[in-house]
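K.L.:
kindly return the folded structure for what I paste below:
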Amino acid sequence: MARDYDSSPVSDSLGLQNVIVGLADDLQQMRTGQISPQDGMARAAVAKQLFNGVRMYLQAIKTMESMAKPVGGEPDLSLIDSDKET
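P.N.:
Residues are numbered from 1 along each chain as shown. The predicted structure follows:
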């Protein structure tokens, strides 16, 4: 699978690799009886909420980028109403 370099900085800044490693560790601890199934489920629920927040964050970035206009260039003078006083 190809690496997604566009989302990599977001995943790095949010520490998602640590969350995934932590979930794998939790599963292993649950299998060996070091934590209870309830503890494992609680940790998984927290991770689920974190990933839900990441999904919403990425969707918001995608929406803003799709509506963004280039900086520089000529201004759109049709947006200026010259009849109005400021």
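
K.L.:
please name the nearest non-neighbouring residue to the residue nearest to the spatial centre of the chain.
P.N.:
Centroid-nearest residue in the chain: residue 54, 2.7 Å away (criterion: C-alpha atoms, centre = their mean). Distances taken as C-beta to C-beta, 6 or more residues apart in numbering put residue 14 closest to residue 54, at 6.2 Å, once the chain neighbours are dropped. (Glycine included, C-beta is placed from N, CA and C.)

K.L.:
can you pull out the helices in the protein?
P.N.:
Assigned by DSSP state H, the helices in the chain fall at 8-14, 16-32, 37-67.

K.L.:
neighbouring contacts of the shortest one?
P.N.:
So the one you mean is helix 8-14. 17, 54, 57, 58, 61 (C-beta atoms under 8 Å, 6 or more residues apart in numbering).

K.L.:
just the buried ones from those residues?
P.N.:
Buried residues within the contacts of helix 8-14, counting neighbours by 16 or more other C-beta atoms under 10 Å: residue 54.

K.L.:
dump the contacts of helix 8-14 into CSV; add distance to residue 33 as well.
P.N.:
Output for these, formatted as CSV (distance: C-beta to C-beta, whole Å):
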residue, distance to residue 33
17, 26
54, 31
57, 36
58, 37
61, 41
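
K.L.:
list just the nearest of the contacts of helix 8-14 to residue 46.
P.N.:
Distance to residue 46 across these (C-beta to C-beta) is lowest for residue 54, with 12.9 Å.

K.L.:
for residue 30, see how far away that closest one is.
P.N.:
24 Å (C-beta to C-beta, to the nearest Å).

K.L.:
then residue 21?
P.N.:
According to C-beta to C-beta, residue 21 and residue 30 sit 15 Å apart.
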